[in-house]
Structures are given as structure tokens and as C-alpha cells.
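Engineer: Here's a sequence, model it:
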Amino acid sequence: MAGKILIIDDEEAVRKVLKTHLAKEGYRINISSGGKGVFEDLKQSRTQVIICDIKMPEIDGLEVLDYIRLHMKTVPVIMLTGLTDISVAVDVMKRGAFDYVTKPVTKNDLLSAVQKAFSQRELLLENRRLAREVKRYQILLEQKIIESRENLGHRNVELSKAYGTLKSMNFRFVNVLAETIEAKDHHTRGHCNRMRMLCVELGRIIGLEQKNIELLEYASMLHDIGKIGVNELILNKEGPLNEEEKEHVRIHPEVGRKILKGIPLMEGVSDIILSHHENYDGSGYPRGLKGEAIPLGARIISAADLYDAMSNDRPYRKGRPLDNIIKELKRVSGTQLDPYIVDVFLENMETIVKKSEVQ
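Structural biologist: Sure thing, here's the model as predicted:
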């Protein structure tokens, strides 16, 4: 079917010439003389291409163009202009006109402009169709994203439950190991749980992230797990150890690391355990690490371990008075212990100790 064209011009002679040329080519033509009725003509025309004069009385071509661009966005507009109005024609194209032809209009120029205008309309329609498709796919994608988020939310809940179960199983596993340690070393009854409470609270005050607090929690309970490999007679000996016995006990950080190495979620724990007898000045064991080369979790455990050892009774001695404990912590600050951790511990001792007493 031939394309439909609306011609808008206040000069009847021009309208007739244009209609004759275009009708011979099979186009269906509607005519408008412009004026105040032009907008009604546009509403009723259902046209595909518009040819409009620029200079018309009452309502000029620029007002018509603005209306078309606002309400008929897929309809190309060809503007008609005189030879002396080329600059005006260029301006109207900037405002949205598709093309222009000059008066007097030649058949070839007219047909060429019209053919290009219909091609442009096809592109505009295709672009609009594609835009609708893109919008449709965008809506579908957004729905899929929402569904995925909902599904992800469900999965996150499931994963959270699974992680909670795994954490609970790990904690039970750690408790069993801690009970094994205390069953072998009678001197440390309750020590593992007290260490857990001391270290976790100290870690929170220092500002450790939750994942690091969890590692510290496990490491503090299992810091002596390597004592499983130490002779019970030495562990439970009444009185001081000789040098040979001390050397035997000093293997327990390495034994502890070997026990936990390869167990899921325990790699970080095993590294802390390996280092919990390193001294801040480098005089500790097994690797002689110094300062911040010692894992932070190990430095926290060292401070808490010394406090707990001094404050609790042992079969061969009574726990020390608080003033004596504070004095000793200050004395070894910077040598055996990290001075920053000692300062934090002493500044918050009341809070930290109260937490450790909640069994």
C-alpha cells in the first residue's frame, strides 16, 4: 500500500503542484491550508509523512513542527522554504525537521526528499519497536533480578543456617578437644573456657572483626591442644620443671598446629596456636618471632594466658593477689607481652575479668 502524506501550505497553487507530483507516484495525499484548523487536521490525518511550509499566516510552520515533534514523533517532516530562507531551513532541521526543499519545488527534489522521509519513518518505527523490546526485556530482567534476590535471600537463609550448624559443630568439636586437654592436664581445669571469655572480650575491645574474633575464640580454647603430645607425668608434675622437661613441654605449639592443620576452618586457628608462646622481644618459641610478626591473636592469648595462670590456684601454689598480677603484667610489657595489649587489658581489666567469670 502506498504511503500517506499530509501537505500543509497556505497557497493553493503549491498544494496542487505537490499533490499532482506525489499522486502520480501512487502516494495517498491529504491537504491542509494551515491556519487555526491545522492541529485538528493533524489529529485526523493518520499520516506517515508531512510536508509543511515554514512561512504561513496565523500559525507558522515552526509551531506546526513543534506540535508534530511533541505528538507525532515517528512522522518525518519535510519543510518548504524559499531560496532566500536557507538559514531558516537549517534552523528548523535543528529543531527536529527531517529535511527541507526549496520553492519553486522540482519534482526530483520532492520525490527524493519524500522517499528518504519514508525510509526515515521505517527507521523511527523500528527504533520504537526495539525500544519497546528493550523496555520489555528490562522489565523481565528486573523481575528476574527480584526473583533471584528472593531466591538468593532464601539461599542466604539456608546458607546462614548451614553456617550456623557448621559453627555449632565446630564449637562442639572444640569443646571436646578442650575437655581432652583438661582431662590430661589436671592443673588447667576450667582454664580453656576462662581463656575463651578473656580473649573474646579483649578482642572486642581492641576492635577485631567478627571473623577474627571467631578465630580467636577457637584458638584461645585450643591453644594448649598440643599438650596431648606431652607426657602426662611432666604435665602433672608437682613443682618446677627441669630444663629437659621444659624442652619437652615446648613442643606443644608445633604439635597443636599439626593436630589442627587441614581441618576446615582451623587453618587460621592453627597459625595462632603455633605462635602463642612467642615473646614480643623475640625471645619466645618455637620460631623466635618478634613484635608484630607474631599474629595478633597469639599476642592476645599470651596476655590472657599469663593473667589466668597467675590469678588461679595450682596444686603447688596459690593464685597471686591482684596488685601483684598487675605489677607483673607491667614488668613483662614490651618483653614477653605486647605493650599495647597489656595497656588495653589493664585499662579494661574489671570488664574483661567479669566476662571471664560468667561460666
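
Engineer: what residues go with each domain of the chain?
Structural biologist: 4-129, 185-356 (automatic domain parsing).

Engineer: okay, these in JSON lines with mean neighbour count and mean pLDDT next?
Structural biologist: The C-beta positions use only the backbone N, C-alpha and C, and glycine is treated the same way. Below are those laid out as JSON lines (neighbours: other CB atoms under 10 Å; pLDDT from 0 to 100):
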{"stretch": "domain 4-129", "mean neighbour count": "16", "mean pLDDT": "86"}
{"stretch": "domain 185-356", "mean neighbour count": "18", "mean pLDDT": "86"}
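
Engineer: and residue 136, which of these is closest to it?
Structural biologist: Checking the domains of the chain against residue 136 by CB to CB gives domain 4-129 as the closest, at 10.5 Å.

Engineer: Let me see the contact set for residue 300.
Structural biologist: Residue 300 is in contact with 199, 202-203, 206, 216, 220, 341, counting by CB atoms under 8 Å, 6 or more residues apart in numbering.

Engineer: Test my guess that residue 304 contacts residue 223.
Structural biologist: No - taking contacts as CB atoms under 8 Å, residue 304 lies outside contact range of residue 223: 9.3 Å.

Engineer: Now do the shared contacts for those two.
Structural biologist: Any residue near both residue 304 and residue 223 by CB under 8 Å, 6+ apart counts here, and that gives residue 195.

Engineer: Against which helices or strands is the helix or strand where residue 23 lies packed?
Structural biologist: According to DSSP states H and E, residue 23 maps onto helix 12-24. Helix 12-24 is packed against strand 4-8, strand 28-32, helix 107-184, with contacts defined by 3 or more CB pairs under 8 Å, 6 or more residues apart in numbering; DSSP states H and E.

Engineer: so which strand or helix has residue 79?
Structural biologist: Assignment of secondary structure by DSSP H and E places residue 79 within strand 77-81.

Engineer: ugh, typo on my part, it should be residue 51
Structural biologist: When secondary structure is defined by DSSP H and E, residue 51 falls within strand 49-53.

Engineer: circling back: okay if I get the contacts of residue 300 as JSON lines plus distance to residue 106 and secondary structure?
Structural biologist: Shown next, in JSON lines, are those (distance: CB to CB, whole Å; DSSP: H, G, I helix; E, B strand; the rest coil):
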{"residue": "199", "distance to residue 106": "95", "secondary structure": "helix"}
{"residue": "202", "distance to residue 106": "94", "secondary structure": "helix"}
{"residue": "203", "distance to residue 106": "89", "secondary structure": "helix"}
{"residue": "206", "distance to residue 106": "88", "secondary structure": "helix"}
{"residue": "216", "distance to residue 106": "90", "secondary structure": "helix"}
{"residue": "220", "distance to residue 106": "96", "secondary structure": "helix"}
{"residue": "341", "distance to residue 106": "94", "secondary structure": "helix"}
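
Engineer: Just send these back as CSV, with distance to residue 333 too.
Structural biologist: As requested, the contacts of residue 300 are exported to CSV (distance: CB to CB, whole Å):
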residue, distance to residue 333
199, 18
202, 15
203, 18
206, 15
216, 20
220, 20
341, 9
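
Engineer: Relative to residue 355, which of the residues you listed is nearest.
Structural biologist: The nearest one, if we look at those relative to residue 355 and count by CB to CB, is residue 202, at 9.1 Å.

Engineer: pretty sure that closest one is touching residue 304, no?
Structural biologist: Yes - between residue 202 and residue 304 there is a contact under CB under 8 Å: 6.3 Å.

Engineer: overlap in contacts of the two?
Structural biologist: By CB under 8 Å, 6+ apart, the residues touching both residue 202 and residue 304 are residue 345.

Engineer: Contact partners for residue 98?
Structural biologist: Per CB under 8 Å, 6+ apart, neighbours of residue 98: 76-78, 116-117, 120.

Engineer: now do 10 Å
Structural biologist: Neighbour list for residue 98: 49-50, 75-79, 113, 116-117, 120-121, 124 [criterion: CB atoms under 10 Å, 6 or more residues apart in numbering].

Engineer: how about these, which pair is most distant?
Structural biologist: The most widely separated members of the contacts of residue 98, counting by CB to CB, are 79 and 124 (17.2 Å).
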